[in-house]
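Chemist: pasted the sequence and its predicted model underneath.
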Amino acid sequence: MTRAIILGAPRSGSGKTTLTLGILRALRRRGVVVRAAKSGPDYIDPAFHEAACGAPSLNLDSWAMAPSLIDDLVCQAAAGSDMLLIESAMGLFDGADGPAGRTGASADLAARLNIPVLLAMDVSGHSQSAAAVLHGFATLNPAVRVTATVANRVASDRHLRGLTRAIEPLGIPFIGALHRDTSLILPERHLGLVQAGEHADLDERLNHLADAVEAQLDLDLLLRCAEDIDIAAPATPIQPLTPPGQRIALASDVAFSFVYPHLMQSWRRAGAEMVPFSPLADEPPPGSCDSCWLPGGYPELHAGALGAAETFRNGLAQFAETRPVHGECGGYVALGKTLTDADGKEHRMAGLLSHATSFAKRKLNLGYRRAELLTDTPIAARDTALRGHEYHYAVVVDPGDDDPVARLTDGWGTDLGPSGGKRGNVSGTFFHAIAADRD
């Protein structure tokens, strides 16, 4: 039987990822077969989870995924493991509009799956008052069980003594605290952590986090606070989205890396094969494939290299003459006419769609999205409803004249209008698809 716990927090920026990675690597070094999952639509953290524990991580999202799909994914994530650690997104109770249990909050998972919570509190700037925060989170919803707590960014031993004395009367096990230490912080950029694949010293960083966790936290107590998972997998595996082909040419490098692991896993389970290629290395999509997928990423950081990648651009155009090509977010940017970088320099892109984007005038677009498809795409037919996410700073400075791909509403039901573009066999949108819209 696999035990599980959700590592949640009162808010974003509490150090959840630092703690998660340190715990994963520390448990792995002990010989515990540990697996991880990420609550919410984050596509960067799962790669760090995989590096820390040596096995793929999956996303679990109560707003974008039907309950049956979540059950299926939890069973997949837990299979063959001793411990499943689920890292929360944002604050534990933070989500969007939706019926009970379908808000996207990590608390939805805790309540429905009956998985206990380890509450991570950033105690910088307060001490005894942290006990009030812990009490509030532990009592707000009886179905969400906070069975342990851990503190982060403790300033001193005196700070820690005051904190532990205040928490003790609550009867909630305290597994320890990480002291304030800038060497434990992972570097970030505008869309989150610098990607796992960009750290030449990632293994060293993970071992450093594990050293801190082993020295300052009670891992035996943590394991006792986790509880057995009691979830039955659906009789038939759930397919989040239809594979966009049998052999899928997958753009894969530091400019195109925002892929959801649960989609790749489900497509492989359905018999599809992902064939990676690198636009940054000026590689065209392999001609043996029957579709091409350009995921999101950071084309804005590599606009010069992409603009000079003539073999990629010509090969992509030739591929698109007879086979479907789809781009998400950064992939959609790369399919357009031009990309203006943060310094105001314009770079040529693939030109298979007619829009142009700019990072010189940045604007944050963030949140859950429901997409009603206005045309056929490689992953779903016209009139299909999908759920997903949007997170980018790009601004469309020329919308072009392509047919729109979808009509979007946000997580609160607000109509956001048409999105994306389609021309011939090429389609793209800023929308990151997570799953079909099912009850």
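Modeler: Looks like it arrived, so ask away.
Chemist: which residues of the stretch 101-250 of the chain fall in strands?
Modeler: Using DSSP state E, counting those that start in this stretch, the strands assigned to the stretch 101-250 of the chain run over residues 117-122, 146-154, 174-179, 188-189, 192-193, 227-228, 247-251.
Chemist: surely residue 24 is within a helix?
Modeler: Yes. Assessed by DSSP: H, G, I helix; E, B strand; the rest coil, residue 24 belongs to a helix.
Chemist: my read: it touches residue 38, true?
Modeler: No. The pair residue 24 and residue 38 does not pass the contact test of C-beta atoms under 8 Å, sitting 11.9 Å apart. Any C-beta I mention is one placed from the backbone N, CA and C, and that applies to glycine too.
Chemist: shared neighbours, the two?
Modeler: Taking C-beta atoms under 8 Å, 6 or more residues apart in numbering as the criterion, residue 24 and residue 38 both touch residue 49.
Chemist: which one's more surrounded, those two?
Modeler: Counted by other C-beta atoms under 10 Å, residue 24 and residue 38 do not tie: residue 24 has more neighbours, with 30 against 27.
Chemist: just the pLDDT for that one.
Modeler: pLDDT, residue 24: 97.
Chemist: excluding covalently adjacent residues, which one is nearest to it?
Modeler: Closest residue to residue 24 apart from its sequence neighbours, by C-beta to C-beta, 6 or more residues apart in numbering: residue 52 at 3.9 Å.
Chemist: surely the one you found touches residue 21?
Modeler: Yes. Contact criterion C-beta under 8 Å: residue 52 and residue 21 qualify, at 4.7 Å.
Chemist: do you have the helices of the stretch 1-150 of the chain handy? List them.
Modeler: 16-29, 45-53, 67-78, 106-113, 129-139 (DSSP state H, counting those that start in this stretch).
Chemist: let's have those helices in JSON lines, adding distance to residue 398.
Modeler: Shown next, in JSON lines, are the helices of the stretch 1-150 of the chain (distance: least, C-beta to C-beta, whole Å):
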{"stretch": "helix 16-29", "distance to residue 398": "37"}
{"stretch": "helix 45-53", "distance to residue 398": "33"}
{"stretch": "helix 67-78", "distance to residue 398": "38"}
{"stretch": "helix 106-113", "distance to residue 398": "39"}
{"stretch": "helix 129-139", "distance to residue 398": "47"}
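Chemist: which neighbours do residue 52 and residue 21 share?
Modeler: residue 206.
Chemist: residues contacting residue 81?
Modeler: Counting by C-beta under 8 Å, 6+ apart, residue 81 has contacts 2, 33-35, 55.
Chemist: what subset of those is buried?
Modeler: Using 16 or more other C-beta atoms under 10 Å as the burial test, the contacts of residue 81 include 2, 34-35, 55 as buried.
Chemist: and those, which is closest to residue 326?
Modeler: residue 55 (28.4 Å; C-beta to C-beta).
Chemist: hmm, the closest one is touching residue 32, no?
Modeler: No. Residue 55 is not in contact with residue 32 according to C-beta under 8 Å; the separation is 11.9 Å.
Chemist: in JSON lines, list the buried ones among the contacts of residue 81 along with distance to residue 205 and pLDDT.
Modeler: Output for these, formatted as JSON lines (distance: C-beta to C-beta, whole Å; pLDDT from 0 to 100):
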{"residue": "2", "distance to residue 205": "27", "pLDDT": "94"}
{"residue": "34", "distance to residue 205": "18", "pLDDT": "97"}
{"residue": "35", "distance to residue 205": "20", "pLDDT": "97"}
{"residue": "55", "distance to residue 205": "19", "pLDDT": "92"}
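Chemist: which of those fall in strands?
Modeler: Among the buried ones among the contacts of residue 81, DSSP state E puts 34-35 in strands.
Chemist: same list (the buried ones among the contacts of residue 81) but as JSON lines, adding distance to residue 301.
Modeler: Below are those laid out as JSON lines (distance: C-beta to C-beta, whole Å):
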{"residue": "2", "distance to residue 301": "39"}
{"residue": "34", "distance to residue 301": "32"}
{"residue": "35", "distance to residue 301": "31"}
{"residue": "55", "distance to residue 301": "29"}
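Chemist: what is the nearest of the buried ones among the contacts of residue 81 to residue 437?
Modeler: The nearest one, if we look at these relative to residue 437 and count by C-beta to C-beta, is residue 35, at 27.6 Å.
Chemist: torsion angles phi and psi at the closest residue in space to that closest one that isn't next to it in sequence?
Modeler: Distances taken as C-beta to C-beta, 6+ apart place residue 81 nearest to residue 35, at 4.3 Å, with adjacent residues excluded. Residue 81 adopts backbone torsions of phi -110, psi 160, taken as degrees, to the nearest 10.
Chemist: just the pLDDT for residue 81.
Modeler: 94.
Chemist: residue 129 too?
Modeler: Reading off the confidence values, residue 129 has pLDDT 95.
Chemist: list the contacts of it.
Modeler: Applying C-beta under 8 Å, 6+ apart, the residues contacting residue 129 are residue 166.
Chemist: that one and residue 137: what is the separation?
Modeler: 13 Å (C-beta to C-beta, to the nearest Å).
Chemist: repeat that for residue 144.
Modeler: Counting by C-beta to C-beta, the gap from residue 144 to residue 137 is 8 Å.
Chemist: spit out the residues that contact those two alike.
Modeler: 92-93, 117.
Chemist: quick one: which of the residues you listed is most hemmed in?
Modeler: residue 92 (29 neighbours).
Chemist: surely that one and residue 106 touch.
Modeler: Yes. With contacts counted by C-beta under 8 Å, residue 92 reaches residue 106, the gap being 5.3 Å.
Chemist: what do these two both touch?
Modeler: Going by C-beta under 8 Å, 6+ apart, residues that sit against residue 92 and also against residue 106 are 8, 117.
Chemist: follow-up on the earlier one: closest to residue 438 out of the strands of the stretch 101-250 of the chain?
Modeler: Between residue 438 and the strands of the stretch 101-250 of the chain, the shortest separation by C-beta to C-beta is 22.9 Å, and it involves strand 247-251.
Chemist: on that earlier part again, is it possible to get JSON lines of the shared contacts of residue 144 and residue 137 that adds pLDDT?
Modeler: Formatted as JSON lines, the shared contacts of residue 144 and residue 137 follow (pLDDT from 0 to 100):
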{"residue": "92", "pLDDT": "97"}
{"residue": "93", "pLDDT": "97"}
{"residue": "117", "pLDDT": "98"}
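Chemist: sweet, I'm off.
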